[in-house]
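Peer 1: Sequence first, predicted model second:
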Amino acid sequence: MTDETFWDLIGTLDGVIDEDGADLLGERLSSLGAQEVEAFCAHLAGKVRALTGLPLEGRPVPDVSDEGRPPIPLVGDAYENLLYAVVAAGRERYEAVLADPPAVGTTPTGDRPGRAPRVRT
């Protein structure tokens, strides 16, 4: 699978991981052969692995379940979810975060979101 094909498939998510996008991506993947699906998984793992080398883990983020509380460190499932969200956001956003890791806390227009985990990264 080429990088172009991988990002085309990721484009099915329309920038976010939600049920509709996951269903569409699942449909597209189910139309592929086993080798292509394995190649997609390998590409996805590689993209996420590249993000793990960035200074993102432990970064303070707002707790969306408890507004007004101080930021909490990005760890565990929240950290892992962020890595996948960056990939789901598409190639342009992914490459922007690789080039400038603090950009993960901004929207594509450069605004600082109030609730980072719910923002399209």
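Peer 2: Great, that's in hand. Numbers count the residues shown, from 1 in each chain.

Peer 1: Could you use CA atoms for every contact and neighbour count after this?
Peer 2: OK.

Peer 1: And for Ala103, the neighbour number?
Peer 2: 18 (other C-alpha atoms under 10 Å).

Peer 1: before we move on, what SS does it have?
Peer 2: The three-state label given to Ala103 by DSSP: H, G, I helix; E, B strand; the rest coil is helix.

Peer 1: Identify the residues contacting the residue lying closest to it once chain neighbours are set aside.
Peer 2: In space, and not counting its chain neighbours, Ala103 is closest to Val97: 5.5 Å by C-alpha to C-alpha, 6 or more residues apart in numbering. Residues near Val97 by C-alpha atoms under 8 Å, 6 or more residues apart in numbering: Val86, Ala103, Val104.

Peer 1: Where does the prediction get shaky in this protein?
Peer 2: For the chain, the stretches with pLDDT under 70 are 63-64, 105-121.

Peer 1: Double-check Arg28 against Ile10; I have them as touching.
Peer 2: No. Using C-alpha atoms under 8 Å, Arg28 is not in contact with Ile10, being 10.2 Å away.
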